[in-house]
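K.L.:
Build me a model:
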Amino acid sequence: MNPLVSVIIPVHNGAHFLPDSLASVFAQEYRPIEVIVADDGSTDGSADVAESFPGVRCLRLEKGGVSRARNLAVAASTGEWLAFLDADDRWFPRKLTEQVALGEARPDAGLVLCREVHRFSVDIPEWFHGPTDGSAVTAYEPSAWLVRRAVFERVGGFDEARSLGEDTQWLSRAWDLGISHLVAEEIGLERHIHGANATGLIQNRRVVFDILRESVERKRARGAVE
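P.N.:
A predicted model of the protein is given here:
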């Protein structure tokens, strides 16, 4: 029997994106899945959109940030694997099939990534440095992650005090613990570049510097850095 995958979708005022992302989840070849949408205090009816899809469990939360929304959705989930999807992105139908197969074949790996292509609904923003010709690259955003629940619990949840770069910081913590990852070769994710992506905001070098500094401090605390 296939292991249950919990699909975690945080959303804040993303009602216009959510139907496409949810449709891509239910178009997955893989089963069984459970789908949890964490509505982070939306005022545009995002929760109503989520609940219009049969099989979606929607958590109606007060505004607390994307990290808190993801963490609460994980706490409410029951799957052996956790798959995250941002409300403005879409999956290709074999995304979970390929990732679960790879992860189940390699129990030493705690995280399975996938490859992504990009869809632009605006002119290419200055912060974007990926391919614009439709070619695929390895994706590191949460929409590409498939994480073992046991590994997520070992690393801990997303930092709720961090408003930017929480996903990069989570990966840094995982890799500092020696968590290994794999990459499914089939393209699994269509990342939507629309001008308001959080990734554009974390180009601030201070955010990246803080994440690197925290990593060094963690290693020093364990005696890994002299």
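K.L.:
For this structure, give me the ranges with low pLDDT.
P.N.:
120-131, 134, 194-209, 211-213, 215-216, 218-219, 224-226 (pLDDT under 70).
K.L.:
Give me the longest strand you can find in it.
P.N.:
The longest strand of the chain (DSSP state E) is strand 180-193.
K.L.:
Run me through the strand neighbours of that strand, direction for each.
P.N.:
Strand pairing for strand 180-193, using DSSP bridges, gives strand 90-91 (antiparallel), strand 109-120 (parallel).
K.L.:
can you put those strands in a markdown table and add mean neighbour count and distance to residue 99?
P.N.:
Bear in mind the C-beta positions are built from the backbone N, C-alpha and C, glycine included. Below are the strands paired with strand 180-193 laid out as a markdown table (neighbours: other CB atoms under 10 Å; distance: least, CB to CB, whole Å):
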| stretch | mean neighbour count | distance to residue 99 |
| --- | --- | --- |
| strand 90-91 | 22 | 10 |
| strand 109-120 | 21 | 4 |
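K.L.:
Check which residues of the longest strand of the chain are buried.
P.N.:
181-184, 187-193 (16 or more other CB atoms under 10 Å).
K.L.:
Tell me which two in these are the farthest apart.
P.N.:
182 and 193 (25.7 Å; CB to CB).
K.L.:
Who are the contact partners of residue 183?
P.N.:
Each residue near residue 183 by CB atoms under 8 Å, 6 or more residues apart in numbering is listed here: 112-115, 138.
K.L.:
about what we covered before: what is the nearest of the buried residues of strand 180-193 to residue 105?
P.N.:
residue 182 (9.1 Å).
K.L.:
Could you report the distance from that closest one to residue 176?
P.N.:
18 Å (CB to CB, to the nearest Å).
K.L.:
Quick check: chain neighbours aside, which residue is closest to the residue nearest to the spatial centre of the chain?
P.N.:
With distances taken as CA atoms, centre = their mean, the residue of the chain nearest its centroid is residue 142 (1.9 Å). Spatial nearest neighbour of residue 142, excluding adjacent residues (CB to CB, 6 or more residues apart in numbering): residue 84 at 3.8 Å.
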